[in-house]
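Student: With the input below, show me the fold.
(4 chains)
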Protein chains: 4
Amino acid sequence: MVDISVVRALAEELAGQVVADRRDFHRYPELGWSEFRTGSLVARRLTKAGWEVQLGRQVHDEAARMGVPSEDELAAEYERALRQGADAEFIRALRGGYTGVVGSRRFGEGPTIGLRVDMDALPIQEACSEEHRPYREGFVSQNPGIMHACGHDAHTAIGLALAEALPRLGASLPGKVKLIFQPAEEGVRGARSMVEAGIVDDVDLLLGIHVYTGWKLGEMIAGTGGYAATRKFDVRFEGKAAHAGSNPQQGRNALLAAANAVLNLYAISRHAEGLTRVNVGRLEAGAGRNMTPAEAWFMAETRGATTELNEYMYRRALEVIEGAAKMYGCGWSVREMGAAESAMSDADLSARIRRAAETLGGYTFLPLEPRGGSEDFTYMMRRVQARGGQAAGIALGADPLGISRRDPDRERVRGGHTSLFDIDEAVLPRAIELLLWLICDLLG
Amino acid sequence: MVDISVVRALAEELAGQVVADRRDFHRYPELGWSEFRTGSLVARRLTKAGWEVQLGRQVHDEAARMGVPSEDELAAEYERALRQGADAEFIRALRGGYTGVVGSRRFGEGPTIGLRVDMDALPIQEACSEEHRPYREGFVSQNPGIMHACGHDAHTAIGLALAEALPRLGASLPGKVKLIFQPAEEGVRGARSMVEAGIVDDVDLLLGIHVYTGWKLGEMIAGTGGYAATRKFDVRFEGKAAHAGSNPQQGRNALLAAANAVLNLYAISRHAEGLTRVNVGRLEAGAGRNMTPAEAWFMAETRGATTELNEYMYRRALEVIEGAAKMYGCGWSVREMGAAESAMSDADLSARIRRAAETLGGYTFLPLEPRGGSEDFTYMMRRVQARGGQAAGIALGADPLGISRRDPDRERVRGGHTSLFDIDEAVLPRAIELLLWLICDLLG
Amino acid sequence: MVDISVVRALAEELAGQVVADRRDFHRYPELGWSEFRTGSLVARRLTKAGWEVQLGRQVHDEAARMGVPSEDELAAEYERALRQGADAEFIRALRGGYTGVVGSRRFGEGPTIGLRVDMDALPIQEACSEEHRPYREGFVSQNPGIMHACGHDAHTAIGLALAEALPRLGASLPGKVKLIFQPAEEGVRGARSMVEAGIVDDVDLLLGIHVYTGWKLGEMIAGTGGYAATRKFDVRFEGKAAHAGSNPQQGRNALLAAANAVLNLYAISRHAEGLTRVNVGRLEAGAGRNMTPAEAWFMAETRGATTELNEYMYRRALEVIEGAAKMYGCGWSVREMGAAESAMSDADLSARIRRAAETLGGYTFLPLEPRGGSEDFTYMMRRVQARGGQAAGIALGADPLGISRRDPDRERVRGGHTSLFDIDEAVLPRAIELLLWLICDLLG
Amino acid sequence: MVDISVVRALAEELAGQVVADRRDFHRYPELGWSEFRTGSLVARRLTKAGWEVQLGRQVHDEAARMGVPSEDELAAEYERALRQGADAEFIRALRGGYTGVVGSRRFGEGPTIGLRVDMDALPIQEACSEEHRPYREGFVSQNPGIMHACGHDAHTAIGLALAEALPRLGASLPGKVKLIFQPAEEGVRGARSMVEAGIVDDVDLLLGIHVYTGWKLGEMIAGTGGYAATRKFDVRFEGKAAHAGSNPQQGRNALLAAANAVLNLYAISRHAEGLTRVNVGRLEAGAGRNMTPAEAWFMAETRGATTELNEYMYRRALEVIEGAAKMYGCGWSVREMGAAESAMSDADLSARIRRAAETLGGYTFLPLEPRGGSEDFTYMMRRVQARGGQAAGIALGADPLGISRRDPDRERVRGGHTSLFDIDEAVLPRAIELLLWLICDLLG
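Tutor: A predicted model of the protein is given here:
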């Protein structure tokens, strides 16, 4: 077993690079399935560090991708990435929105550990104000309307740092490591296609990592869980236009079908066995004021404390949608845009994470407080667990203002998915240290 | 051709009897399909006056009856009728709610004239107050909650008077007369089954008669029309009960299906080609407060200025109902409770009615003002018209307070379907005179 | 401290009487606020056994009663009770539906223990079939449509048995006991008015008891809790009738207001902090098929895991109802019909109950599994707890078929609120034994 | 009185110019309130022809304008107009979207005749196909997404031709003529502000003109009418966003408020006294999939056969909207976007139009067939009629394929408001001839 001081030194040594990487990714955020710059640079770095790299169609099942942008959009993003310094060689394999990358390396006989990090950003316009460090220090987003407001820039940088560090500890790692760089976690769109491509089928121990604001540096959950299962889907009704003054009876009112669907989606009966949710986040219908709306479209989601509860909601949702269409003689279709399952970290693996953190010191452990959030890391967790392996998520506090989850003063938090989101970058070397030590421990 | 003075004398002679008959029927009002007393007495009188009588199943197509009470209700009404002086012999043929009666008589070679009168009363509690003549003069309804509040008592009495009078004019009537006593006009339930039984298939000229309050004695429409087509139907949703606290998700909420159906029935698009209507008059759903309602039921109707417009409404209504059921996974059924078509009197026959009235004198002719009302006499009109004959309705003013349709003071009218409804009985001999003269003219 | 054998002997001695009492109450079930026979007989028995009795308006705050039947209904029930053997003297104090009774007795210096039992039955027609013991053995309900289908007959009988037994142990009871016979637990209508009358303001330790089918004799919960808070309320909309064919625009459609209210009640947003429920159990609206419905009425309820969650639901429900009325220009009113709070048994008192049961032996302890049910005993619990006392509920298995809550075969259970509900009467002496031993222990 | 041959000759002489003008306006179509090029050129031409010109704020009441674009949009259109050959001098007075122009000229003692023509185009992309003459012959729209698809280019050109011709007949015109060039007829937004500015207050006889496809050249209505009254309005609901997974209860769902409003708008009761309509043509709500929609907006309209019926619809619509907002605790606002009244041409003036057409020959007169269409010329008609004058509209057939309103083959019609709309330009000189002859006749 490697000595703790070696791990600490290594993390310290990589601190500068990981911060620089995070800032680079922060400067060039990319939406889900468009991580052409990020993915190609990751592939280049993994290759350079001696990892075996799989990417593009090798790591994605085509049919299992969800919420993929149009070909035109992808093509435009591809060009943009090239202009912004993407690796000209590796990007080719990502064309068409197959932007996941996996690095594998065997260091000795032993089990396989997987670490999943996500790479995509959010459709948010980053704040350009002096109070916001990324702006103040010159790494604010260069892509209008897109922002790393959920920390995936940090996750990717951590993944790259491990790619550099692990080979340096190689002798102490009797086993294999897979670094999984996943696209399109926002909207829970990307994990399923990697799972269906078999990426985690050989993983014995699966880890995931996420940084959070609103938790102080050092606050952590060792073994996340309680994620809600979810379905994201777009619904379209097709009716028939008619002049509302002279021939209203000839119309087939798609807006009325949609209005009924929306109303009755919210009226789906509560379920006694746990949390359920439904939301219609955006609706558009119709064209001119004096025409019966011939088309209506909305984006919806269901959630459930468990996959079963979520499926109850989704099944009922489909009934409601079909019935609403029928009432107005409209056609309808539902397009799957994302999905995640419920999952819990394995207790045993979680305990080892906690022990590793305790050994390193400086950590406080927070209780799970499930509040309906979702994560598509759950697809990977469930697959590993289904095959007899173990999986666990690690959540690390990184509030830049030092706000604790226990503070009464939590309103000051600049939360995820907001234009002022930022992290305390001190979390980066600490995450590297923790993961290195943990991987050594798990393989040792 | 008979002399006008003969007709006048005959009407005068029958005046006492027709008033007495109307009051007798008023005293013993019977709801649709339960006209056991009325029908059996009509059959007795027709027979006695020498008419060939058809009744019961002979004059009704079983499948075309609509809105028939339950067998238990019919049986109870049958017993009631016997207690109230029904004809013990003829009532037997009416058993089971086949309460129509038709008297036929050929007086010579010539065309066949039909006259339709209706016999049923309404589910209204008649006023027992001194201001109401039927109470004051002792012929108020003896059947609780039932009342002749639409003048069908008068129509039946007029039909009987013609049965007495026509044979006395026999020599002047080269043709055949059919007196059609129809049950269940309220709710437009009875005519269709008589039409389907072929009752008007041999009729060349068909007449109908109706008395109205709010029009002064002498005001009339010669050739009614513009009736709205209508459908009356009951809708039932079958869901599944569940405890609303402990297992709400197991329920199939029939009330929610019904609420959606009702709301969207009213939202059926207006039609550019004319008047349409929809109404849900009564809804009941559910049982206990803490159970998902497993059953819901409502009574509805559609109307249209034409049969086509009404069918548009009904077709859309069925779509709405089916879609609403589907939204909540409920079963559904629709039961037809009544129907009428749109129809217009033939211009030629209407003109002859007007000429007959002008010859007799004392009539003012009102314009048609269609307001969405319905009549199932339209089934008979359409059948006669479809076979090449002519049909027309006669509407006679009979306001007991002498209020004219042209009065500004029309709020004082005690309208049809109210507990104070009454008529000016002077309309009775005048109607007899008009019809006798008209029939002589048409056959002469 | 009394010896355990004394308690056992006493329970055995009373076994015959308590079964006879339960069967007598079962034979004459009375709905909430109509427990005239039950309450008057309870008062007579308490008096005879030497307890100080308060009853009627002494134990009810008039304004806090909920869901009280009309005066006419109460008067009819009062007469019925007299015919069925009510105590002619005590019944007078119960007139008007003040049917609660409280017996108090001080045995020595020490704290005050309260025991609440409920007395009312349900609006269910009891099964008259040979497979149902109450029918087979001649104590089936004599009151049509009313049935003790929730075990309150047993609770009342247990309360009376304690009234006999406790004085026999008097020397060992340094304290005071209050036996609280509550009306109208069904629909959670009765407790609040007793609490508001101050009945539990002097109670230090409050106990409640309930028997259940679907749990085997011996299965118990020592310290019930997790009851959902609830509101029961009736909603009325007042619109304006109009003829649906000729003047639909003059109507104010109360049914459409109600349909919108119902639909949007179910659509009230889920709450992240715990279980919420809403239900509309029964709706009636309108009169005739061709009239705009002028009146609509429905019975609804909300529930919440906590009183706060329930109040969220109720507050939103009122907004929905008001908005729906406004949409259709209707008047509206809400009438409170019942209410309960959330509550938990005190851990300390629960532990003492468990210890008492363990001492007696033969008990298995079931975990709490809150499923959205409600109990108005919670009003009493909260009042006692608010004043510094402790409260706890005791739930005892009594399945007549010996079915355990752990059985896979639980579908065979003839559950509460069904026409075949029955209990294993062996629970009666065991409950007496447990309560006697517990009271001795608590006061000892 | 002028000789008919003079009028014919004058119309023939102007034929080339009017076609050229119509094609010029067709090439540069402008939306309502943005007729900067059209209006400024009209003002130039009127001035040059010797008419007294009022324009801009002189002819518009600011508060009575409806559906005006934003200042930014107007500014951009103003610049576009300048680039497209607007009159640099007159355009200044139109700045800010006050684009109406009125030319007045007194030729002698006598009454004042007004003629209203409209100038605006539609938001339709004109077809660029060989089958479409404007494309084939090089005068297809140069403004993307905007098209003269309702003939207002023709109306404006006719107005200008009259401005040239009338002075040539001056001696024969004992009276005054006002040529009213109105903006923003589409969406019925412009007339009211001209009426409120007093433009027609001195008019004794008011004429309007419109050309139609689907009617053959020569088919006309002399005295249009039966326009539906209408209200156009935008509705906005303001709620509150919340995360649909973690805090749904904190949201105020503006989409649910809007869905309820839409549904219940369509459910507003039919009216017995005539045609009513309601439509919601476009709805948008919400932002991200997982957020409670905080905003919703829709565009709606009501119509009625009369102003009273339309006001019934609008009044009920406001109740529905307010109630729906209340149900979901949302704020709401309604913005008026257009309006028109019902109106009928005066019989006397209509007869004179018909006589003029008969004198000229070659006209067939079509009956009125109101189908729910609206026109804001009705505001001008009503104002003139209210002050004791007379008003009438003239509708002229101009189908380019020669299709008659009586053809069975009417599906071939390329109707108004479609991308292939075109007219038979032969209608232009004929309209000039008819109007000249009519004005001479009316003043003569």
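Student: Write out the residues of the stretch 301-444 of chain A neighbouring chain D.
Tutor: A:301, A:303, A:337, A:371, A:372, A:373, A:374 (CB under 8 Å from any CB of the partner chain). Glycine gets a C-beta too; all of them are placed from N, C-alpha and C.
Student: Could you rerun that using 10 Å?
Tutor: For the stretch 301-444 of chain A, the residues in contact with chain D (CB under 10 Å from any CB of the partner chain) are A:301-303, A:337-338, A:369-374, A:415, A:417.
Student: Pretty sure residue A:233 sits in a helix.
Tutor: No - if the criterion is DSSP: H, G, I helix; E, B strand; the rest coil, then residue A:233 is strand and not within a helix.
Student: what residues are up against it?
Tutor: A:66-67, A:298-302, A:314, A:317-318, A:321, A:334-339, D:289 (CB atoms under 10 Å, 6 or more residues apart in numbering or on different chains).
Student: again, only using 8 Å
Tutor: A:299, A:300, A:301, A:314, A:317, A:334, A:335, A:336, A:337 (CB atoms under 8 Å, 6 or more residues apart in numbering or on different chains).
Student: What is the linear distance spanned by stretch A:89-96 between its boundary residues?
Tutor: Stretch A:89-96 stretches 15 Å from its first residue to its last (CA to CA, to the nearest Å).
Student: Could you tell me the average pLDDT over that stretch, please?
Tutor: For stretch A:89-96, mean pLDDT rounds to 98.
Student: How about stretch A:2-17?
Tutor: Here the average pLDDT along stretch A:2-17 is 95.
Student: One more: stretch A:363-373?
Tutor: Mean predicted lDDT for stretch A:363-373 stands at 88.
Student: Over to stretch A:102-109?
Tutor: Computed over stretch A:102-109, the mean pLDDT rounds to 96.
Student: one step back: among the contacts of residue A:233, which ones are in strands?
Tutor: With strands taken from DSSP state E, the overlap with the contacts of residue A:233 comprises A:299, A:300, A:301, A:334, A:335, A:336, A:337.
Student: Can you add pLDDT, neighbour count and distance to residue B:181 and give those back as CSV?
Tutor: Converted to CSV, the ones in strands among the contacts of residue A:233 look like this (pLDDT from 0 to 100; neighbours: other CB atoms under 10 Å in any protein chain shown; distance: CB to CB, whole Å):
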residue, pLDDT, neighbour count, distance to residue B:181
A:299, 98, 23, 64
A:300, 98, 26, 61
A:301, 97, 29, 65
A:334, 98, 16, 59
A:335, 97, 13, 64
A:336, 96, 15, 66
A:337, 97, 19, 68
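Student: Between these, which sits nearest residue B:180?
Tutor: The closest of these to residue B:180 turns out to be residue A:334 (CB to CB; 57.2 Å).
Student: That closest one bridge partners, please.
Tutor: Judged by DSSP bridges, the bridge partners of residue A:334 are residue A:235.
Student: Now do it against residue A:260, distance only.
Tutor: With distances taken as CB to CB, to the nearest Å, residue A:334 is found 15 Å from residue A:260.
Student: what sits against the nearest residue to residue A:52 once chain neighbours are set aside?
Tutor: Of all residues not flanking residue A:52 in the chain, residue A:104 sits nearest, at 4.8 Å (CB to CB, 6 or more residues apart in numbering or on different chains). By CB under 8 Å, 6+ apart, residue A:104 lies in contact with A:51, A:52, A:54, A:176, A:177, A:178, A:179.
Student: The residues you listed, buried ones only, as a ChimeraX selection?
Tutor: Remark: buried members of the contacts of residue A:104, expressed as a ChimeraX selection using 16 or more other CB atoms under 10 Å in any protein chain shown:
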select /A:51,54,176,177,178,179
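Student: which parts of the stretch 101-250 of chain A sit against chain D?
Tutor: Within the stretch 101-250 of chain A, the positions near chain D by CB under 8 Å from any CB are A:187, A:228, A:230, A:232, A:243, A:244, A:245, A:246, A:247, A:248.
Student: and the fifth one, how many residues sit next to it?
Tutor: The reference is to residue A:243. By other CB atoms under 10 Å in any protein chain shown, 21 other residues sit near residue A:243.
Student: And the most centrally placed residue in chain A, how close does it get to residue A:158?
Tutor: The geometric centre of chain A, computed from its C-alpha atoms, lies nearest to residue A:185 (CA atoms, centre = their mean), at 2.4 Å. Counting by CB to CB, the gap from residue A:185 to residue A:158 is 15 Å.
Student: For the residue at the greatest distance from the centre of chain A, give me its contacts.
Tutor: Distance from the C-alpha centroid of chain A peaks at residue A:246, with 50.6 Å (CA atoms, centre = their mean). Applying CB under 8 Å, 6+ apart to residue A:246 gives the contacts B:272, D:371, D:372, D:373.
Student: And those residues, which of them are buried?
Tutor: Neighbour-count burial (16+ other CB under 10 Å) applied to these gives B:272, D:372, D:373.
Student: Assign the second one to helix, strand or coil.
Tutor: In terms of secondary structure, residue D:372 is coil; the call rests on three-state DSSP.
Student: Do a quick rundown of the helices in the stretch 301-444 of chain A.
Tutor: A:307-327, A:347-360, A:377-386, A:427-443 (DSSP state H, counting those that start in this stretch).
Student: which one of the ones you listed lies closest to residue D:169?
Tutor: Across the helices of the stretch 301-444 of chain A, closest to residue D:169 is helix A:307-327 (CB to CB), at 62.2 Å.
Student: Packing partners of that closest one?
Tutor: Contacts defined by 3 or more CB pairs under 8 Å, 6 or more residues apart in numbering or on different chains; DSSP states H and E place helix A:307-327 against strand A:229-238, helix A:254-266, strand A:276-286, strand A:295-304, strand A:331-340, helix B:307-327.
Student: In TSV, list the ones you listed along with distance to residue D:402.
Tutor: Below are those laid out as TSV (distance: least, CB to CB, whole Å):
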stretch	distance to residue D:402
strand A:229-238	36
helix A:254-266	37
strand A:276-286	35
strand A:295-304	35
strand A:331-340	38
helix B:307-327	31
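Student: from those, which stretch is densest packed?
Tutor: Comparing those by mean neighbour count (mean count of other CB atoms under 10 Å in any protein chain shown), helix A:254-266 ranks first with a mean of 29.
Student: Tell me which two in the contacts of residue A:233 are the farthest apart.
Tutor: A:299 and A:314 (14.3 Å).
Student: which bits of the stretch 301-444 of chain A sit near chain B?
Tutor: Within the stretch 301-444 of chain A, the positions near chain B by CB under 8 Å from any CB are A:312, A:319, A:320, A:322, A:323, A:324, A:325, A:326, A:327, A:328, A:329.
Student: Could you take those and lay them out as a markdown table, with extra columns for pLDDT and distance to residue A:140?
Tutor: A markdown table is the format used below for those (pLDDT from 0 to 100; distance: CB to CB, whole Å):
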| residue | pLDDT | distance to residue A:140 |
| --- | --- | --- |
| A:312 | 97 | 44 |
| A:319 | 98 | 47 |
| A:320 | 98 | 43 |
| A:322 | 98 | 46 |
| A:323 | 98 | 48 |
| A:324 | 98 | 44 |
| A:325 | 98 | 45 |
| A:326 | 98 | 50 |
| A:327 | 98 | 49 |
| A:328 | 97 | 47 |
| A:329 | 97 | 51 |
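Student: Having no further points to raise, I will conclude here.
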